[in-house]
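Undergrad: dropping the sequence and predicted coords here.
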Amino acid sequence: MKLLVAVKRVVDYNVKIRIKPDHTGVDTANLKMSMNPFDEIAVEEAVRWKEQGKATEVVAVSIGPQAAQDTLRTALAMGADRAILVQTDAEVEPLAVAKILKAIAAEEAPGAVILGKQAIDDDSNQTGQMLAALLGWPQGTFISEASPDGNGRITVVREIDGGLETLSLATPCILTTDLRLNEPRYASLPNIMKAKKKPLDATTPEALGVDVAPRLVTLKVEDPPHRKAGVIVASVDELVEKLKNEAKVL
Amino acid sequence: MRALVLAEHDNRSLKPATHAAVAAAKQLGGEVDVVVIGHRADAVAQQAAKLDGVAKVLVADDPVFHELLAEPAADLLVGLASGYDALLAPATATGKNVMPRLAALIDVQQVSEIVAVIDAETFVRPIYAGNALATVKSTDAKKVITVRATAFAPAAETGAAAIEPIAAVADPGASRFLERRVTESVRPELTAARVVVAGGRGIGSDGAFALVSQLADILGGAVGASRAAVDAGFIPNDAQVGQTGKIVAPDLYIAVGISGAIQHLAGMKDSKVIVAINKDSEAPIFQVADYGLVADVFEAVPALIERLSA
Ligand SMILES: Cc1cc2nc3c(=O)[nH]c(=O)nc-3n(C[C@H](O)[C@H](O)[C@H](O)COP(=O)(O)OP(=O)(O)OC[C@H]3O[C@@H](n4cnc5c(N)ncnc54)[C@H](O)[C@@H]3O)c2cc1C
Ligand SMILES: Nc1ncnc2c1ncn2[C@@H]1O[C@H](COP(=O)(O)O)[C@@H](O)[C@H]1O
């Protein structure tokens, strides 16, 4: 079974973002960019399946600017076999990303597409579910375990609000990763070197016939209300006194 | 303007996140219906009918909906979509699973986790772990929206809507439910609790995590956790609070042995009163805490438990 993995280039999760002074968006110039953490988990899962003989090939896809090549090289260094850059400087919304991935899935015919559950920049948590809808495939979202049974089904454990849910999905299907699925590896230097020689193809949304015109218009982007630091209390007694008499929450 | 809200429930009771989603739907300015998709969920429908401002409760009751899998639920909603200008759900695990599938099926770009309604097409939503608030206008003819429950005052239960059964859909069958392991707890639900006591890596072990639970019990609260505490296995994953876990906004949030990473703050910084107990006076959590106590968990929490149970 071939696996397709979607990887997005985002502002590194450790970086504190700044809002542009004109409130038109977030200033991402000169910030450290990385692979979306949930997508690292997706790549790791796919590569493990390949190492375990449960998958035959891992293809990483990213939709974004030329620089998203770096993200794809990281996926290749982690163990993906090939990469596809769908190059565009536009900001592509989840529905359009899903349409692009659908077009690629039509060419590649994977047994499963693995995505992150959420991109940590737009925090949408939509793309995997949308792709599943467009392809008419079943979806296993927010998964913390996945085991392909070798007979065309994948058993997944999903993180839900009250606990865990186990589903059996017919392939081809869509999976989206949660934090507990695995711990992604660091790419070793030799693998980073090897990744430079792995194939990286490029295409565009236009070539795939997908209109990426945004449906949402961002009117403004602002700082959230600032929460002021309060007081440091000296003892448990003082804390209890304040919670009772000042905050009145006890 | 007509809006339809997907009810959050477990076939037995309606979850409070629904009340918030109905409140958001009302702000769109038109009629609001609720749809209960479930199996033997009469009690849920009765409860939904009481929600203030709801005109009609549609009930799709069928074994195919027992677990509310995304595939049949989205198919059902597609069938209803033509009658509505907006389709909403609370941003719960279910809402997040079903609504984007629906949105793509009707070619709509969903607006996720709104925290405010400006008008029927314009919404505010957090991005970058809540470090920015974006005001976005949807240009789609229909809106598909998920609602952050903590941001809307819940609809009251003073109404009396009509209940109307609707037909189910065929099971697409590609996805089979095997089991659900629900974390049994006598404590209030994390996202609805008035008090949340949350523990982090600083607690050190799952044995010691009992201190956090004890403190929560004395206060009649729920237990939350940082990602590090969940990853370490101190407590099940559904207790994770944060950007990629649960969003909470209780009257009182007590963070114990939690450093206050932005991903954690994203899930709790709208709490009314925040208390932080951490032995590191430089921990970022103190920058959002109303009351900080620089102390060792193992001294402060037992003392707090003793003081409060006295
Ligand atoms: C994609 C992604 C998503 C994430 N999502 C979330 C999320 O939803 N929620 C979340 O919480 N995190 C999330 N994280 C993780 C987040 O970045 C932090 O790593 C995590 O919140 C840290 O947890 P912590 O504060 O318990 O641990 P630490 O940062 O290790 O802090 C432990 C704290 O305990 C204190 N301490 C230690 N011993 C004691 C003692 N004896 N007494 C008192 N204090 C003590 C220390 O001073 C320290 O401040 C996410 C990360 C990524 C990359
Ligand atoms: N531009 C993109 N390129 C590649 N994958 C993407 C892109 N945008 C979203 N994805 C995938 O979809 C997941 C969910 O993103 P989102 O729906 O935006 O929260 C991400 O974790 C990625 O796996």
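TA: Looks like it arrived, so ask away. Ligands and ions are numbered 1, 2, ... in the order given.
Undergrad: what parts of chain A come near ligand 1?
TA: A:Tyr13, A:Pro37, A:Ile120 (C-beta under 6 Å from any ligand atom). In this view, the C-beta of every residue, glycine as well, is placed from N, C-alpha and C.
Undergrad: out of the residues you listed, which are inside helices?
TA: Residues from these lying in helices, with DSSP state H as the criterion: A:Pro37.
Undergrad: tell me where the stretch 51-200 of chain B has strands.
TA: Using DSSP state E, counting those that start in this stretch, the strands of the stretch 51-200 of chain B run over B:54-61, B:86-90, B:111-114, B:116-119, B:122-127, B:132-138, B:143-147, B:162-165, B:175-182, B:195-199.
Undergrad: lowest-confidence stretch among these?
TA: Across the strands of the stretch 51-200 of chain B, strand B:175-182 has the smallest mean pLDDT, namely a mean of 95.
Undergrad: output it as PDB, restricted to C-alpha atoms.
TA: The C-alpha coordinates for strand B:175-182 follow below in PDB (Å, rounded to 0.1, in the frame of the first residue of the first chain):
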ATOM      1  CA  SER B 175     -16.200   2.800   8.700                       C
ATOM      2  CA  ARG B 176     -17.100   0.300  11.500                       C
ATOM      3  CA  PHE B 177     -17.400   1.100  15.200                       C
ATOM      4  CA  LEU B 178     -15.600  -1.400  17.400                       C
ATOM      5  CA  GLU B 179     -15.500   0.100  20.900                       C
ATOM      6  CA  ARG B 180     -15.500   3.200  23.000                       C
ATOM      7  CA  ARG B 181     -13.500   3.400  26.300                       C
ATOM      8  CA  VAL B 182     -15.000   6.300  28.200                       C
END
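Undergrad: pull the residues that contact that strand.
TA: Applying C-beta atoms under 8 Å, 6 or more residues apart in numbering or on different chains, the set of residues contacting strand B:175-182 from outside is A:138-140, A:155, A:160, A:162-170, A:173, B:66-67, B:69-71.
Undergrad: return the set of buried residues in that strand.
TA: Neighbour counts over strand B:175-182 (16 or more other C-beta atoms under 10 Å in any protein chain shown) mark B:Ser175, B:Arg176 as buried.
Undergrad: so which residues of chain A form helices?
TA: For chain A, the helices defined by DSSP H cover A:37-51, A:68-78, A:94-108, A:127-135, A:189-195, A:236-245.
Undergrad: and what of the stretch 201-310 of chain B?
TA: Under the criterion DSSP state H, counting those that start in this stretch, the stretch 201-310 of chain B contains helices at B:210-218, B:227-231, B:262-265, B:297-309.
Undergrad: please state the offset of the shortest one from the chain centre?
TA: Spelled out, it's helix B:262-265. Put simply, helix B:262-265 sits 16 Å off its chain's centre (C-alpha atoms, centre = their mean, to the nearest Å).
Undergrad: let me know whether it sits next to chain A.
TA: Yes: on the criterion C-beta under 8 Å from any C-beta of the partner chain, helix B:262-265 is in touch with chain A at B:Ile262, B:Gln263.
Undergrad: ok, back up a step: most tightly surrounded among the helices of chain A?
TA: Across the helices of chain A, averaging neighbours per residue (mean count of other C-beta atoms under 10 Å in any protein chain shown) puts helix A:127-135 on top, at a mean of 28.
Undergrad: alright, calling it a day.
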